[in-house]
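Student: missing the sequence, but the structure's below:
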Ligand SMILES: N[C@@H](CCC(=O)N[C@@H](CS)C(=O)NCC(=O)O)C(=O)O
């Protein structure tokens with residue numbers, strides 16, 4: 001059985017949604033983040049980065065949210081949450097996953113933890129402001145991608161891991177000045193995703209209301 005070390009609405013949310021979508025057996029283990037359990041020797045032995053999430057199954061211990069999502073889709077190809085090798089969408093899948101994790105996720109992390117990026121450790125309003133701009137640029141690019149042929153999902157008409165991952169990031173981005181819902185195609189996309197059973201289940205479990213996305 002898979003074990004997912006998680007914390008509600010953290011980077012574990014996308015793997016949690018993929019586990020639900022694939023309908024595989026899994027157990028959630030909540031990391032006691034309030035008490036910095038992610039920095040204990042026991043947890044660091046699993047995930048030396050001291051971050052959430054970590055996936056464990058038998059001898060396999062895997063960290064990095066995007067890697068966990070892709071691995072799960074590889075192991076359970078029945079739903080084709082990752083396009084098969086040889087499919088025209090396979091390289092585009094790589095492109096978008098890398099873009100999401102390398103750009104939008106990375107910019108969001110700086111936005112949420114600006115103090116880590118200031119030499120004096122103080123929150124910098126300038127960093128927050130700059131990050132808002134970078135996040136909005138990224139949202140605009142994603143909005144344009146979804147505008148093409150009014151497509152339902154990032155890669156076209158079929159849901160993939162990219163969409164679950166992007167849903168998590170769009171939820172995080174909800175508080176920026178021009179949030180995802182202010183971009184017409186992202187709003188349409190979010191409302192569509194909010195009807196996915198796996199997303200509904202995980203949002204219930206992680207206590208996130210989907211009211212704004214109805
Ligand atoms: N690149 C990592 C980032 C994970 C990450 O930063 N997780 C945050 C929660 S969203 C965390 O564990 N924060 C606790 C800490 O940094 O101590 C991933 O995608 O898995």
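Tutor: Ah, there it is. These numbers were taken from a predicted model, which means no experiment stands behind them.
Student: so how far is the top helix by length along the chain from its chain's centroid?
Tutor: When the chain is parsed with DSSP state H, its longest helix is helix 125-147. Here helix 125-147 is found 16 Å from its chain centre; the criterion is C-alpha atoms, centre = their mean, to the nearest Å.
Student: in this structure, which residue is most central in space?
Tutor: The centre of the chain sits closest to residue 165, judged by C-alpha atoms, centre = their mean, with a distance of 3.5 Å.
Student: thought it was touching residue 98?
Tutor: No - applying C-beta atoms under 8 Å as the test, residue 165 and residue 98 come out as separate, 11.0 Å apart. No exception for glycine: its C-beta is placed from N, CA and C like everyone else's.
Student: picking that back up, can you list the helices and strands that the longest helix of the chain packs against?
Tutor: On a contact count with 3 or more C-beta pairs under 8 Å, 6 or more residues apart in numbering; DSSP states H and E, helix 125-147 meets helix 105-112, helix 184-193.
Student: verify the assumption that the residue nearest to the centre of the chain is located in a helix.
Tutor: Yes - the assignment for residue 165 is a helix, going by DSSP: H, G, I helix; E, B strand; the rest coil.
Student: spatially nearest residue to it, not counting backbone neighbours?
Tutor: Leaving aside its chain neighbours, residue 165 sits nearest to residue 14 (4.6 Å; criterion: C-beta to C-beta, 6 or more residues apart in numbering).
Student: does the helix or strand where that neighbour lies reach the ligand?
Tutor: If you go by DSSP states H and E, residue 14 is part of helix 13-22. No - using C-beta under 6 Å from any ligand atom, helix 13-22 never reaches the ligand; the gap is at least 8.4 Å.
Student: alright, that wraps it up for me.
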